[in-house]
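[1] coords below, sequence missing:
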């Protein structure tokens, strides 16, 4: 593809936008970055570097005006494909694309693409590590690792590329990866997508354009995912942690991970030897084993990675143990489904930290799990969504308990006796910062307990993003 002298607009100057602008400028394009933010709100060093490379800028609230003058418009993930200005420029002859689309068109190496509501970062990382351990020239990009334009010029046809792909990146894709991994798909980003159907259809683009020599790895345990196999022309392999399969794929059986393909069946690894915590992560393990095997990884390297990989930051990450209490950072949990999985990952008594800003999620199933999960000692509810979460928790009339605040005068032994008698968890409200949240959890938690930050919500309001929320949680835990 020849970009020389092409007039190209890059919409958005986030991580993807910066990478796109610099790559296209290097290829001889006349690049203009357009962003709704003012210059003062953007990374000054990044702007200076881009200008030095010949990139121009149009900033402010009118950044989408006059797009018709461009040959190509590169949409950043945060900008909806349905934006009216994009349609108008397309009618005028502009080609609308994205970093993901361009990369997949230009990439000479096989691409393993991973998407799903949750688990895609963990799965993509496992696949990358398995391929790396098997000796492949491997790269990790997309929503994790680095923007793929950073390594595009170093790739050959013997390289392996693993991309973690969001619905934002997939929504207007017209090309699918050689190996497409579709994990659990439930409901998320209803603040971005017009409805649940649009969200699912965006995810399914990872399969939709595959050819007969491609492969699809599909999770059988979720309806929306399981029904997606009709969309691909590729060879389908199934993964599951709930049922052993008579079909080709990877699944959990008799306390171990098993693989079945090409008429053979073998045990990959015993579940007890996998370092990654949480039963839900067995789905991600099965998907990564299947995809890595299809991409050429060897059995021994796969096993070694599973015996050592403990997870990604802010995903059920053990921060430390204090006074016999284990503190886990699961700040990446921004949906009810991931919070549910985190709650079920532990048998020990739990002190939960729930709530945040809205993504228009349905909390009914999470509320049911909390009501039925008898090892929850207490819940610290925060943010604007806590009221809706609390409203979804319904206990039987026989269960007793109280909502309130921790009394400083209450001793550990009296709290132990009080909590031991209580089926309904203590609910603590009103914390406005992470210091207060962690200190409240520390007052309640007893030796042997788990304090779990798994909010089920976005972080905006109290925190800039899930990373800041997780970092502040870890910092306060370190102070205990």
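    Looks like it arrived, so ask away. Note that the structure is predicted; figures quoted are calculated from it, not measured.
[2] give me the next element, helix or strand, following the lowest-mean-pLDDT helix or strand in the chain.
    Sorted by mean pLDDT, DSSP states H and E, the helices and strands of the chain end with helix 412-421, the least confident at a mean of 44. Sequence-wise, the next helix or strand downstream of helix 412-421 (DSSP states H and E) is strand 426-429.
[3] buried ones in that following strand?
    426-429 (16 or more other C-beta atoms under 10 Å). C-beta coordinates here come from the backbone N, C-alpha and C atoms, glycine included.
[4] let me see the domain layout of this structure.
    7-98, 107-306, 317-478 (automatic domain parsing).
[5] and the ones you listed, which is most packed in?
    Highest mean neighbour count among the domains of the chain (mean count of other C-beta atoms under 10 Å): domain 107-306, with a mean of 20.
[6] endpoints of that one, how far apart?
    Length of domain 107-306, first residue to last, C-alpha to C-alpha, to the nearest Å: 29 Å.
[7] ok now that domain, how far from the chain's centre?
    Relative to its chain's centre, domain 107-306 lies at 13 Å (C-alpha atoms, centre = their mean, to the nearest Å).
[8] quick one: average pLDDT of it?
    Averaging pLDDT along domain 107-306 gives 91.
[9] same check on stretch 373-381?
    Here the average pLDDT along stretch 373-381 is 94.
[10] who's in contact with residue 81?
    75, 96, 171-172 (C-beta atoms under 8 Å, 6 or more residues apart in numbering).
[11] quick check: it is in a helix.
    No: in this structure, residue 81 is coil, not part of a helix, as judged by DSSP: H, G, I helix; E, B strand; the rest coil.
[12] one step back: which one of the buried residues of strand 426-429 sits closest to residue 9?
    residue 429 (47.1 Å; C-beta to C-beta).
[13] how near is that closest one to residue 354?
    Per C-beta to C-beta, to the nearest Å, residue 429 is found 11 Å from residue 354.
[14] now do the helices in the stretch 251-400 of the chain.
    281-294, 299-306, 336-344, 364-372, 386-391 (DSSP state H, counting those that start in this stretch).
[15] relative to residue 445, which of the ones you listed is closest?
    With C-beta to C-beta as the yardstick, what comes closest out of the helices of the stretch 251-400 of the chain is helix 336-344 (15.5 Å).
[16] which stretches in the stretch 1-150 of the chain count as helices?
    Counting by DSSP H, counting those that start in this stretch, the helices of the stretch 1-150 of the chain are 15-26, 44-52, 84-91, 99-106, 120-133.
[17] quick one, the fourth one and helix 15-26 angle?
    If I follow you right, that is helix 99-106. 50 degrees (axes from the mean of the first three to the mean of the last three C-alpha atoms, to 10 degrees).
[18] same check, this time on the third one
    Interaxial angle, helix 84-91 versus helix 15-26 (the same axes, to 10 degrees): 30 degrees.
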